[in-house]
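> Predicted model and sequence follow; I will ask about them next.
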Amino acid sequence: EKGNYPHFMLKEIFEQPETIENAIRGRINYEMGTAILNGLGFSPCELAQISRIVIAACGSSMHAGMVAEYYFEDIAGISTSVEQAAEFRYRNPIIEPNTLVIPISQSGETADTIAAVREAVGKGAYISALCNVVGSTIAREAGRGVYLHAGPEISVASTKAFSSQVAVLLLMALLLGRNRRLSRSEGCELVREIEQTPELIRSVLAQAEEIRAIAKRYAGFDDFFYIGRGCLYPTALEGALKLKEISYVHAEGYHAAELKHGPISLLDERHPVLALANDIPGRDKILGNIQECRARRAPVVAVATAGDREVENLTDDVIFIPHCSRFIAPLPTTVALQLFAYYIAVERGCEIDQPRNLAKSVTVE
Ligand code: M6R
């Protein structure tokens, strides 16, 4: 039930400190600075053999996979690619020996992701699924995997499932990293960062009213751009998806470097830009991109690290996030973008939990 919340989406956004706690509970070995993911189903020896990871998913789950691409490559040193599940299924993909396929699906019932699982099983890949719904088709057919333990997600717009996916994928990268090049002290450091995530998210939730006030000022616009770099690039895609899904406003997520390759021609005072300018590698370049947007008179809302006066002075509005590492930054940033999308939809009088034309799980192609 919704309790005191007007919509399931808002309730689920506010549940995220707990759902992240649930996703990591019992899954950390503090002593060794690594993760314990028994469901993953691989022996240390098998884990060590994995030489490539392919993630297959759709929508928000695919965005979580795109964040994880940075984790697996950076933390574990394993070459990773993310496939739209429909593309994976129809392209006759090359699955080399020792490839791990990770299907990601909240519902475990998405038709294209199920088909991708069957393709991967047929090609003899290692496979380990990430699902929220226990006993779902993907969980059963993959045979092994990790559950999110996020509880039922009712709102069509995925919020808590997305953040739990990112958290569990980070644990997977930690495990694979410790199985390879990541030292124990680096592992312990990452564990400390992961454990701070619920608190970071709480501090974003505590700013809901401020984010609402910003959203009010932008609720009249019909076109938005979201830009980011590194892990915050897929975060920008996810933020834009949230906005278009529930508020019927046109929003596009771009890698900030892509602006100059086309979309910047659209920018003017009617196209606000959400710039993810957290203090992680790439921030300085984003500052340059913000200036380029300002020069075209586009209003800029930034997400930035608390105390970053430089970003504040460059932009019209800022949502501040406490300092955190580049691996963790997508989580509190996403929560800020979820709230921004939610309050714009509220202002526009949209239905929110059941947006038109959308189903919670897409069981047909
Ligand atoms: O159940 P799944 O995770 O497989 O669903 C995938 C997408 O349909 C889903 O994430 C969709 O994009 C959401 N409505 C986004 O909020």
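Happy to help now that I have it.
> rest of the way, CA atoms for contacts and neighbours
Noted.
> Close to the ligand: what parts of the stretch 1-150 of the chain are there?
Within the stretch 1-150 of the chain, the positions near the ligand by C-alpha under 6 Å from any ligand atom are 58, 59, 60, 61, 105, 106, 107, 108, 110.
> Can you add secondary structure and pLDDT and give the residues you listed back as a markdown table?
Putting these into a markdown table (DSSP: H, G, I helix; E, B strand; the rest coil; pLDDT from 0 to 100) gives the following:
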| residue | secondary structure | pLDDT |
| --- | --- | --- |
| 58 | coil | 97 |
| 59 | helix | 97 |
| 60 | helix | 98 |
| 61 | helix | 98 |
| 105 | strand | 98 |
| 106 | coil | 97 |
| 107 | coil | 97 |
| 108 | coil | 97 |
| 110 | coil | 96 |
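> so can I have CSV of the residues you listed showing neighbour count?
Formatted as CSV, those follow (neighbours: other C-alpha atoms under 10 Å):
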residue, neighbour count
58, 21
59, 16
60, 26
61, 26
105, 29
106, 29
107, 23
108, 25
110, 24
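> any idea which of those is closest to residue 189?
Closest approach to residue 189 among those (C-alpha to C-alpha): residue 61, at 26.6 Å.
> show me where the stretch 101-250 of the chain has strands.
With DSSP state E, counting those that start in this stretch, the ranges of strands along the stretch 101-250 of the chain come out as 126-127, 129-131, 145-147, 223-228, 250-255.
> out of those, deepest packed?
Greatest average neighbour count among these goes to strand 129-131 (a mean of 27), per mean count of other C-alpha atoms under 10 Å.
> could you say what helices and strands it packs with?
The elements that strand 129-131 packs onto, with contact taken as 3 or more C-alpha pairs under 8 Å, 6 or more residues apart in numbering; DSSP states H and E, are strand 99-105, helix 137-142, strand 145-147.
> Serialize the strands of the stretch 101-250 of the chain to JSON lines and add fields for mean pLDDT.
Output for the strands of the stretch 101-250 of the chain, formatted as JSON lines (pLDDT from 0 to 100):
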{"stretch": "strand 126-127", "mean pLDDT": "95"}
{"stretch": "strand 129-131", "mean pLDDT": "98"}
{"stretch": "strand 145-147", "mean pLDDT": "96"}
{"stretch": "strand 223-228", "mean pLDDT": "98"}
{"stretch": "strand 250-255", "mean pLDDT": "97"}
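> which one of the ones you listed lies closest to residue 335?
strand 223-228 (14.5 Å).
> Which helix or strand contains residue 22?
Per DSSP states H and E, residue 22 falls inside helix 16-24.
> That helix: how far from the chain's middle?
15 Å (C-alpha atoms, centre = their mean, to the nearest Å).
> looking at this, residue 92 is in a helix?
No - Residue 92: not assigned to a helix; according to DSSP: H, G, I helix; E, B strand; the rest coil it is coil.
> tell me the pLDDT at it?
Residue 92 carries a pLDDT score of 83 in this model.
> do residue 140 as well
pLDDT, residue 140: 97.
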